[in-house]
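Chemist: Next one to model:
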Amino acid sequence: MMNCELLATCSALGYLEGDTYHKEADCLESVKDLIRYLRHEDDARDVRQQLGESQIVQNDLLPIIIQHRQDKALFDACIRLMVNLTQPAMLCFGKVPDDPVFRHHFLQVTSHLQAYKEAFASESVFCILSETLYNLLQLDWEQRQEEDNLLIERILLLVRNVLHVPADPSEEKKVDDDASVHDRVLWAIHMSGFDDLIKFLASAQSEQQWSMHVLEIISLMFRDQTPEALVSAGHARSAEEKKKDSNELEALRQKEHAEKHSRTLQRGTRHSRFGGSFVVQGLKAIGDKDVIYHRNLQNFKDYTHDIGKAVRRVPKRHRKAQESGEKRRSALNVRLFLREFCVDFLENCYNRLMYLVKESLIREQTQQHDETYYLWALSFFMAFNRGSCFRADLVSETMSIRAFHFIERNITNYYEMLLTDRKEATSWSRRMHLALKAYQELLLTVNEMDRSEDESIRQSSSVIKSNIFYLMEYREIFLTLLRKYDETKQPESYLKDLVESTHLFLRMLDRFCKGRKNLMVQRKRVKRRKSQGKKKEAAPETSPEALEETWKIVEEELKGAGFKLSESLTQSLVPFDATSETPLEDQRTEAMVRVQDALLVRMGPEALGLLRAAREVWPEGDVFGSADVEPEEELELLKQILHAKLPRSSQTAVVEEEEEEEDGPEMEEEELESVQVSETEFKFLDFIKRFATPGIVRPYLLLLKSYSKNTPHTNHCIARMLHRLAVDLKMDALLFQLSVFHIFNKILNDPAAAAYQELVTLGKYLVKRFVSLAAQNNKAYVELLFWKNVGAVREMTEGYTKEQHPLCDQLLSCCSCVKTVNVIACHCCESVREEKRPAWTEEEEEELRRLYEEHRDSEDVLGNIMKKLTAKRSRARVVDKLLSMGLVSERRELYKKRSRSAHGKSTGNIMTEEEFLAELTQGTQDDPVDRDDEFESEESEEEDLEEQESERSLNGGRRSQGMHSTGERRPDVENMVYALQQEGMSGPLLWLQNCLNKTADDRENDGLSQPVPLAPFTESNEEAMENKSFQRLLRKLGMRAPANEQESFWRIPAKISVSELRSAAAALSPKEDKPKNDDEQDGTRSPAEEPRGEEEDDATREQRAQALRALLLARKRKRFTDEDAGICGRFIFCLG
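Modeler: From the prediction side, this is the model:
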């Protein structure tokens, strides 16, 4: 219901009687009141909605500007009010609202805008606007007032807003070649002459301030048009177009004929209820039996196991990106007028307008995202110029390396924003698609210039190609875009343009390389250095011979320059910092060191400039020479400084390091990365090899799935790329993948397969090659299940060079679902282990049975069996064999039986100092025969201790570990990691870190947490998992050991959060230096910072655990020392 004040204000405007509008006396004040109401409307835009429902634009404002335009104040106020009322709904609400209530308000405002647009589709309205704008443009800039410029801008904004209103196809229900509301508005613009004023504003030198408004209006005028449709408007179809249409019609006819023929071969369905039951041989059901089919045989080809299953809902983040609105063909008269507009615009306006817009964009004088209008105009008008009558001079402004650089930079920026701004990913994807279209059009124009009859144009094309092929950024942009393609964010039309652009670029590059023997291109390598956080090292000591050679070079350079320095060098050298807290004497010493450093790197002019600048700052004492020193004396002084041993303070390095840390991550990245630019010889086949990766082949196959909807040119681009990989590179095995064969099988069975002859030929070739390979490699059918890289392709075709399991090598990289990895990895890794390990013989099984019966009642059953077992088997394999033979039912039966009261070895008791010393002294007097038993007992005690610690941390008692929740600085973990690195386990540590990071990423993306097995696929990782020290590290990190005989692997528990996983992974980072002790790392703490209550107990337990570990480590070292000493003694005795 309309507000009373609004209703009274609208009534005070006037009334329409027939075709005459009678305004009231206070009409102007009423218009101003409405503007004021709009300024204070709420978030639901209630004022705007009420004015739209009252149809104030159709019934009041438009009649006022048509019949009362002589009242300048009223005319200006009405234009101002209509600019506000017609602004896009997206600007009113900021974005499309997610809330249903606000979404309803958004749609209401949009419907009112569509009604306004239909009211503006009147020639009389645009005649008034054209006459007003024409009169204002006739005024010289000296005569124009500020109000005149504001009125010009408001008229342009009003036309922009009207053209921006989206169409409503459900209401209009127009077909191609029929006039829509947008077409009627365009026709009104043409008949009123407003389009000529637009062209004048684009070309006039004095009106360049309106360049951005003009470009925006032009882009909205051609919103529903395509360059190809405008080029062909009013012309008879060419022979090529007729042939294309006939081919499409023939394909449709063949498909329809094939479907009709297949229907005639089907049997009747009169007895549908009694169709019979059939057994499908070779197709297994849920069990081991064959499938029983209860329907008619003619429908069997459509049978799948998915019949009757509920369709799984695809999450929103995994759905394919939606295509933008489809283009429609406007009425013929509108297309003809737009075609003439394009011709005039290219000849008189394009170069100048694009130059002004580009300068405004570079200087950031435009609004956000205005570069999209520039990209659209570039692609549209260059395509029109190429299709009508190509003239390179008409688009010379945008045909340069600067244009390539501008577009390439925007593509990179759009992709980065696509990843970071996920809420607006659709908008960034559309902008990226627009930039790609512009880049594609630049390549098409360069290709068209190659075919020009003018030698100068061909020469210009060659220069442009040599630049874009030489620079690495332009040469590898398509590789990057294909590798980063994401079907959930980028639509299929984007992929189509990307594939066609890549095909064009490779064809141009191939042709460019064939005409030259050696092509040199730029190559960039990013050299990364790890920041060690160390102080800057002092200047290196050099030998006297090297110093003499350095001095000769510096002396010749200074004498050659006549001891003269440039003004810029003199001004840039400042030896004294007045703002520094460093004392004056220390700064003088640092200045002397800087002079010496400059001499050591043979920078003579810089050293001489520093010397003279320091002399002006510190003239006293003639440390840097007297004021009237001669050049020869300066030379001698420099020589003395070079050979002097100056004291170098480390304080400077510390201060500089602190400043660098405060500069932020940008400065850190600049220090860690340095780009090395070099030249190398370019080989086309080597460049094509970079496309031979699954990440690049997959987008082509995604587009190939819709082969029936693709244009013939798009299918040709796909087939050409697959041909380059399969035939030119002889890497056909890269395409040996089940989804690829499924697509080609669909093409071969298509009734209209004759229309896709190129794809049919390629499919037959791949099948033939695979059959010949499968006859030689019996694992080829297993390889069909997975994508393969270059190394896997080579091994598949030439033979496996090492013992491996192809299924396992690709398992973790191909399974994106955590559940699939959990289930398959466990079974698959077991099969790999069985392949790599020797099987148990009957004699070994009998020996194992005998040893178990012999020691089953002993305290350490497993330890005694391992000592006397002749076959070398790991403890885990022996346990598994005992379980499989049925000798034991649980693993705990093999645990060592210990007395809990003996020597305080129970982890729950506390060892006294006397017991501790007695243990140490007693360890040296034990019988050598019992040392292994003691060692096993110690290991078991350590395992129990670690298990209790891990259980306490997993069951909520993580207070002792809470201080290290970030995980980067845990002394106990660092010591373990360092010790394992010294034992040569850097590889397993890196594998464990990758597993933790991968699990954290999966849990963060899927939102699911479940136990993940740590399945070692390499021999080194498997040996590490059986290492006691490595197992202690796993327990410290919270990993769970196999719970029973059904489990073979350690697992990452489900209760560990993502942050804790990343923390544990960070704690496994390699350390080059030995970690400091706890006291050195933690420092001293004040009493206020000490933990209270239960935290003190946990800290005490941690200290006890560390003391026990230190004791056990001392025992091990002493035992190893005694053994080594004994071995050495026996060795010396033998020599004696």
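
Chemist: and Glu323, how many neighbours?
Modeler: 10 (other CB atoms under 10 Å). Yep, even glycine has a C-beta here, placed from its N, CA and C like the rest.

Chemist: cool, and the one 3 residues further on?
Modeler: Number of residues near Glu326 (other CB under 10 Å) recorded here: 7.

Chemist: Check His294 too.
Modeler: Neighbours around His294, by other CB under 10 Å: 8.

Chemist: From what I see, it and Ser277 are in contact.
Modeler: Yes. In this structure, His294 is within contact of Ser277 by CB atoms under 8 Å, at 5.2 Å.

Chemist: Helices of the stretch 451-600 of the chain, start to end?
Modeler: 455-470, 472-475, 477-483, 492-514, 544-560, 567-572, 584-600 (DSSP state H, counting those that start in this stretch).

Chemist: With mean neighbour count and mean pLDDT added, can I get those helices in TSV?
Modeler: Listed next are the helices of the stretch 451-600 of the chain as TSV, based on neighbours: other CB atoms under 10 Å; pLDDT from 0 to 100:
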stretch	mean neighbour count	mean pLDDT
helix 455-470	15	91
helix 472-475	16	89
helix 477-483	18	93
helix 492-514	18	94
helix 544-560	14	79
helix 567-572	10	67
helix 584-600	19	79
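
Chemist: give the contact list for Ala321.
Modeler: Taking CB atoms under 8 Å, 6 or more residues apart in numbering as the criterion, Ala321 is in contact with 426, 429, 487-492.

Chemist: 6 Å instead?
Modeler: 489-491 (CB atoms under 6 Å, 6 or more residues apart in numbering).

Chemist: One more: Arg184?
Modeler: Per CB under 6 Å, 6+ apart, neighbours of Arg184: Ala121.

Chemist: Please tell me how far it sits from Asn777.
Modeler: 67 Å (CB to CB, to the nearest Å).

Chemist: Please apply the same query to Glu408.
Modeler: Taken as CB to CB, the span from Glu408 to Asn777 is 43 Å.

Chemist: Show me the helices in the stretch 651-800 of the chain, by range?
Modeler: Under DSSP H, counting those that start in this stretch, the stretch 651-800 of the chain gives helices at 651-662, 665-672, 684-689, 694-704, 712-723, 738-748, 757-774, 780-783, 790-798.

Chemist: Which of the ones you listed sits closest to Val83?
Modeler: helix 665-672 (42.3 Å; CB to CB).

Chemist: okay, Asp1001: pLDDT?
Modeler: In this model, Asp1001 is scored at 85, pLDDT.

Chemist: what's the answer for Ala1054, then?
Modeler: Reading off the model, Ala1054 has pLDDT 81.

Chemist: and His257, which of the helices of the stretch 451-600 of the chain is closest to it?
Modeler: Of the helices of the stretch 451-600 of the chain, nearest to His257 by CB to CB is helix 492-514, at 28.8 Å.

Chemist: starting at the chain centroid, how far to the closest one?
Modeler: 22 Å (CA atoms, centre = their mean, to the nearest Å).

Chemist: Show me what it is packed up against.
Modeler: Judged by 3 or more CB pairs under 6 Å, 6 or more residues apart in numbering; DSSP states H and E, helix 492-514 is in contact with helix 425-450, helix 477-483, helix 694-704, helix 712-723.

Chemist: So for Met508, which of the ones you listed sits nearest?
Modeler: helix 425-450 (6.0 Å).

Chemist: Show me what that closest one is packed up against.
Modeler: Using 3+ CB pairs under 6 Å, 6+ apart, helix 425-450 is in contact with helix 371-387, helix 401-420, helix 455-470, helix 492-514.

Chemist: Reformat those helices as TSV; add distance to Asp176.
Modeler: Output for the helices and strands packed on helix 425-450, formatted as TSV (distance: least, CB to CB, whole Å):
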stretch	distance to Asp176
helix 371-387	19
helix 401-420	32
helix 455-470	37
helix 492-514	19
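
Chemist: residues touching the closest residue in space to Trp1050 that isn't next to it in sequence, list them.
Modeler: Spatially, and ignoring its direct neighbours in sequence, Trp1050 is nearest to Leu1014 (4.7 Å; CB to CB, 6 or more residues apart in numbering). Each residue near Leu1014 by CB under 6 Å, 6+ apart is listed here: 995, 1049-1050.

Chemist: gap between stretch 606-625 and the chain center?
Modeler: For stretch 606-625, the distance to the chain centre is 54 Å (CA atoms, centre = their mean).

Chemist: quick one: terminal-to-terminal distance for that stretch?
Modeler: 17 Å (CA to CA, to the nearest Å).

Chemist: What are the buried residues along it?
Modeler: 606-615, 618, 624-625 (16 or more other CB atoms under 10 Å).

Chemist: Just the ones of those in helices?
Modeler: Of these, the ones assigned to helices by DSSP state H are 606-615.

Chemist: Mind putting the residues you listed into CSV with distance to Glu548 and pLDDT?
Modeler: Converted to CSV, those look like this (distance: CB to CB, whole Å; pLDDT from 0 to 100):
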residue, distance to Glu548, pLDDT
Glu606, 20, 80
Ala607, 16, 80
Leu608, 19, 81
Gly609, 23, 81
Leu610, 22, 81
Leu611, 20, 81
Arg612, 24, 81
Ala613, 27, 81
Ala614, 25, 80
Arg615, 26, 80
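
Chemist: Can you find the helix or strand in the chain with the smallest mean pLDDT?
Modeler: helix 959-962 (a mean of 38; mean pLDDT, DSSP states H and E).

Chemist: In CSV, list the C-alpha atoms belonging to the following helix or strand past it.
Modeler: Sequence-wise, the next helix or strand downstream of helix 959-962 (DSSP states H and E) is helix 971-982. In CSV, the C-alpha atoms belonging to helix 971-982 read as follows (Å, rounded to 0.1, in the frame of the first residue of the first chain):
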residue,chain,number,x,y,z
PRO,A,971,61.0,-29.6,21.8
ASP,A,972,60.2,-33.3,22.3
VAL,A,973,59.0,-33.7,18.7
GLU,A,974,62.0,-31.7,17.4
ASN,A,975,64.4,-34.0,19.2
MET,A,976,62.7,-37.1,17.8
VAL,A,977,62.7,-35.6,14.3
TYR,A,978,66.3,-34.7,14.5
ALA,A,979,67.3,-38.1,15.8
LEU,A,980,65.4,-39.8,12.9
GLN,A,981,67.0,-37.6,10.4
GLN,A,982,70.4,-38.6,11.7
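
Chemist: Need the phi and psi values for Arg1051.
Modeler: phi -130, psi 150 (degrees, to the nearest 10).

Chemist: Quick one: residues contacting it.
Modeler: 1011, 1013, 1040 are the contacts of Arg1051 under CB under 6 Å, 6+ apart.
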